[in-house]
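Visitor: pasted the sequence and its predicted model underneath.
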Amino acid sequence: DAGVIQSPRHEVTEMGQEVTLRCKPISGHNSLFWYRQTMMRGLELLIYFNNNVPIDDSGMPEDRFSAKMPNASFSTLKIQPSEPRDSAVYFCASTRTGGFNGYTFGSGTRLTVV
Amino acid sequence: QKEVEQDPGPLSVPEGAIVSLNCTYSNSAFQYFMWYRQYSRKGPELLMYTYSSGNKEDGRFTAQVDKSSKYISLFIRDSQPSDSATYLCAMLHGSGNTGKLIFGQGTTLQVKP
């Protein structure tokens, strides 16, 4: 089991550029979550999908943020245009419904917008 | 007011000490209560979880949930330097067992040799 795989691990970009973060959930997991972690606000849920369908995107901060899950094994989080205040660590997590299985997190993408 | 409150610390203890970490919450609908451990520059990993009220023990770790007080605790016995990490409480918000996992701020723990 390779776990939840996120790419890239680090991203440095200039303000105004488009940023795309990628996530591959654990095979067989049908729920996927995008979180953002900062020192000030801790871990915040941005959006989650169940069976590839977005269920709750109330945590997405602005229209500059969008997320997709075109199939069960891939999801993207896009920021366009990026701003310095978007600098944070973005985590993807997945779980399987049907009994509590915990949520498995990836190693995160550390985003710096300069 | 945040749904889940956790003292961010930092907390520094000598090796072998008993550590007590706590969270309070406001939403009585929470049913699953979790503790995650996060090492520096890593993702959170599930340490323990409890469904509803009660205690759960796993080796040196004990989780307690008091739903009447909306208070959860994690105790670490015989703490080790390898326990140095950030500990995050988390609660499941939603029906069934999948939904919005709400985290506390995290408490940074340092265990000194």
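Guide: On my side now, so go ahead.
Visitor: phi first, then psi, for the residue nearest to B:Ile18 when sequence neighbours are not counted.
Guide: Spatial nearest neighbour of B:Ile18, excluding adjacent residues (Cβ to Cβ, 6 or more residues apart in numbering or on different chains): B:Arg77 at 5.6 Å. C-betas here are computed from N, CA, C, even on glycine. Here is the backbone geometry of B:Arg77 (degrees, to the nearest 10): phi -90, psi 150.
Visitor: ok, B:Arg77 to chain A distance?
Guide: 23 Å (Cβ to the nearest Cβ, to the nearest Å).
Visitor: wait, that residue sits on B:Asp83?
Guide: No. In this structure, B:Arg77 is not within contact of B:Asp83 by Cβ atoms under 8 Å, at 10.3 Å.
Visitor: which of the two has more neighbours?
Guide: Taking neighbours as other Cβ atoms under 10 Å in any protein chain shown, B:Arg77 and B:Asp83 compare with B:Asp83 leading, 18 against 13.
Visitor: which non-adjacent residue is nearest the more buried one?
Guide: The shortest distance from B:Asp83 to any non-neighbouring residue, by Cβ to Cβ, 6+ apart, is to B:Val111 (5.1 Å).
Visitor: that neighbour belongs to a strand, doesn't it?
Guide: Yes. Assignment of B:Val111 by DSSP: H, G, I helix; E, B strand; the rest coil places it within a strand.
Visitor: how about chain B: which residue is closest to chain A?
Guide: Of all residues in chain B, the one sitting closest to chain A is B:Gly43 (3.5 Å; Cβ to the nearest Cβ).
Visitor: adjacent strands (with direction) for the host helix or strand of B:Cys89?
Guide: In this structure, B:Cys89 sits in strand B:85-93 according to DSSP states H and E. Paired neighbours of strand B:85-93 in the sheet (DSSP bridges): strand B:32-38 (antiparallel), strand B:100-103 (antiparallel), strand B:107-112 (antiparallel).
Visitor: got the contact list for it?
Guide: Applying Cβ atoms under 8 Å, 6 or more residues apart in numbering or on different chains, the set of residues contacting strand B:85-93 from outside is A:42-43, B:3-4, B:6, B:21, B:23, B:25, B:27, B:29-40, B:44, B:47, B:72, B:74, B:99-109.
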